[in-house]
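Trainee: With the input below, show me the fold.
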Amino acid sequence: MESFYLSNIDGIYVIVFSVLIGIELIKNVPAVLHTPLMSGANAISGIIVIGGIIHLLTLSISDISSIVASSIAVLIGTINVSGGFFVTHRMLSMFS
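Mentor: Numbers count the residues shown, from 1 in each chain. I've put the predicted structure just below:
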């Protein structure tokens, strides 16, 4: 029987490289582009929230690990969306 790491090595590589590329990308973005990138991140987080809710609606009560993972995704996505809206509202109020 293969270990978890050997059977999921492709997914692990994708996650590690995505994190490293994301850190480098965000670190090198000029300040002028932060607002458009935040709007895009809010849209992606909104999709994650909707996907997590749909996934929660299709799960059986005995699948605890999937329920926990989907609930965490919905929680973190909701925090990100609401935080993004608060920051965007605050930035837009500075222009008026």
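Trainee: if I look at Ile64, how far off is Ser71?
Mentor: Going from Ile64 to Ser71 by Cβ to Cβ, to the nearest Å gives 10 Å. (Glycine included, C-beta is placed from N, CA and C.)
Trainee: okay, those two: which has more neighbours?
Mentor: Remark: of Ile64 and Ser71, Ser71 carries more neighbours, 14 against 10, as counted by other Cβ atoms under 10 Å.
Trainee: and that one, what is it in contact with?
Mentor: 52, 56 (Cβ atoms under 8 Å, 6 or more residues apart in numbering).
Trainee: The one 3 residues further on too?
Mentor: If you count contacts by Cβ under 8 Å, 6+ apart, Val74 has them with 48-49, 52-53, 56.
Trainee: Drop anything exposed from those.
Mentor: 48-49, 52 (16 or more other Cβ atoms under 10 Å).
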